[in-house]
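**Student:** Make a model of this:
(one chain, ligands or ions: 1)
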Amino acid sequence: MDYYRHLYRYVVSNIPDSLTERSGAFFFTTYLRWNNYLSKFRLTGEIKQYNFPIKIANMKFKNPFGFSSGWADNPQKMEMIHEFGAGLVASKTITYRAREGNPYPRLIRGKDQLINSMGLPNKGVEWWAEQLSPQWENPRILSIRGENQNDWERLIELLDKKADILELNFSCPNVHDGVMDLEASYDAVKDIASIADSKIWLKLSPEYSPSQNLDFIDRVRSDIDGISCINTIPIKHQKLGNPNKQGGLSGDPLYKELESQLNLFRKSYPTTEDLPIFAMGGIISPERAWDILTDYKAVPFILSAFLMYGPSIYTKFHKHFHDQKYLLYERAIQSYLN
Ligand SMILES: Cc1cc2nc3c(=O)[nH]c(=O)nc-3n(C[C@H](O)[C@H](O)[C@H](O)COP(=O)(O)O)c2cc1C
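**Tutor:** Modelled structure (predicted):
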């Protein structure tokens, strides 16, 4: 019995997004505690984690299940997602100054898709730099976004020593100039790569075709360590609160676009060593996660599936990989384990 699906359909989808945004962390913390407790009496399923170690770009992760940028707006939430079973967790995008984000409503929930116009609400880089402990156990992926060279440099200065990977968000459709012009992105990458010690990951936009994105990757390949592909697809929706009714589509409908981008990238960069890839966009089932890992040698990341189907999605990934495919998994990850 999948309780969360019913909860999502009949309750969560009908609550104003301003409320779910504020109560989400409390809800998931309570869910985590109660689930651990109730599973002892077999009233709920256990949050099961198997051992699927993976090595990418010389970093070790507990498992190949990622969490995309967009929900974890503080370090505690990042840790919580690891407890649910993710091996790689990206922070929500951090900007130089704190941002309120766009007017509500800014999240429209569908059955298998979401439209959001959040507008990168966050407490700003100084707040994050204070909150992040100087030592950490799980690899840290921080998503960042500057408006200009000064912003980028300040973001690097404050976060470089506190992250394993800095993911450059050039692709948010919900802020002014959000999907950055490729020439501006090129200049920013060169500048950032020259000052950062952390690994640099680029988050790509589906607004650019696979071949445009590939050309861009070719130009900056020596400056970056990997890519994240893809951000949301720009779309209009009358219920969104911002005056332009502009938002970004995520979930199931993105999967086709994700595959066509990955298909082309892997023709030029066949292995993980050639180009490490974090893949996101419509990965809403364990089967899709498996295909992304084995067919495209990319690490499956989720966000919409977590928000729509609940945190037990990670348990399903673990179980599926373990029950059905364990031996295949071992074979499939040989290329990741060097
Ligand atoms: C509510 C919401 C907020 C998001 N916020 C961010 C963000 O802050 N930074 C970012 O790079 N991507 C953000 N994204 C995009 C996701 O990281 C991801 O690229 C996209 O949703 C596709 O994956 P999915 O289909 O699994 O959701 C957001 C997406 C959603 C639904």
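**Student:** residues contacting the closest residue to the ligand within the chain?
**Tutor:** Nearest residue of the chain to the ligand, counting by C-beta to the nearest ligand atom: residue 70, 2.7 Å away. All C-beta atoms are positioned from the backbone trio N, CA, C, and that covers glycine. Counting by C-beta atoms under 8 Å, 6 or more residues apart in numbering, residue 70 touches 92-93, 116, 118, 303.
**Student:** Kindly confirm my reading that it is in a helix.
**Tutor:** No: going by DSSP: H, G, I helix; E, B strand; the rest coil, the assignment for residue 70 is coil, not a helix.
**Student:** oh, and call the first residue 495 from now on, that's how I've got it
**Tutor:** Yep, numbering from 495; the last one is residue 564 now.
**Student:** what pLDDT does the residue of the chain positioned farthest from its centre get?
**Tutor:** Most distant from the centre of the chain: residue 535, at 33.5 Å, with distances by C-alpha atoms, centre = their mean. As predicted, residue 535 sits at a pLDDT of 74.
**Student:** In stretch 760-770, which residues are buried?
**Tutor:** 760, 763, 766, 769-770 (16 or more other C-beta atoms under 10 Å).
**Student:** List the ones among these that fall in helices.
**Tutor:** The helices, defined by DSSP state H, take in residue 760 from the buried residues of stretch 760-770.
**Student:** would a markdown table of the buried residues of stretch 760-770 with distance to the ligand and pLDDT be doable?
**Tutor:** A markdown table is the format used below for these (distance: C-beta to the nearest ligand atom, whole Å; pLDDT from 0 to 100):
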| residue | distance to the ligand | pLDDT |
| --- | --- | --- |
| 760 | 19 | 97 |
| 763 | 20 | 97 |
| 766 | 20 | 92 |
| 769 | 18 | 97 |
| 770 | 17 | 97 |
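**Student:** picking that back up, look up phi and psi at the residue of the chain closest to the ligand.
**Tutor:** Backbone geometry at residue 564, expressed as degrees, to the nearest 10, gives phi 150, psi -20.
**Student:** Against residue 646, how distant is the closest residue to residue 763 other than its chain neighbours?
**Tutor:** Excluding the flanking residues, the one nearest residue 763 by C-beta to C-beta, 6 or more residues apart in numbering is residue 769, at 3.5 Å. According to C-beta to C-beta, to the nearest Å, residue 769 and residue 646 sit 23 Å apart.
**Student:** One more: residue 615?
**Tutor:** Residue 615 is 20 Å from residue 646, by C-beta to C-beta.
**Student:** what about the two, which has more around it?
**Tutor:** residue 646 (23 against 16; other C-beta atoms under 10 Å).
**Student:** so the more buried one makes contact with residue 652?
**Tutor:** No: Residue 646 lies out of contact with residue 652 (C-beta atoms under 8 Å); the separation is 11.3 Å.
**Student:** that older thread, of the buried residues of stretch 760-770, which pair is most distant in space?
**Tutor:** By the measure C-beta to C-beta, 760 and 770 form the most distant pair in these, at 11.9 Å.
**Student:** which neighbours do those two share?
**Tutor:** Common neighbours of residue 760 and residue 770 (C-beta under 8 Å, 6+ apart) do not exist.
**Student:** just for this structure, where's the confidence low?
**Tutor:** For the chain, the stretches with pLDDT under 70 are 495-496, 537, 818-832.
**Student:** biggest helix in it by residues?
**Tutor:** The chain, longest helix under DSSP H: helix 511-534.
**Student:** Now do the buried residues in that one.
**Tutor:** 511, 514-515, 518-519, 522, 525, 529.
**Student:** Same question for stretch 566-586.
**Tutor:** In stretch 566-586, counting by 16+ other C-beta under 10 Å, buried: 566-569, 571-572, 574-576, 578-586.
**Student:** now the end-to-end length of that stretch.
**Tutor:** End-to-end distance for stretch 566-586: 5 Å, by C-alpha to C-alpha, to the nearest Å.
**Student:** Return the residues in contact with residue 731.
**Tutor:** 602, 609, 739, 741.
**Student:** Among the residues you listed, which are located in strands?
**Tutor:** Residues of those located in strands (DSSP state E): 602, 609, 741.
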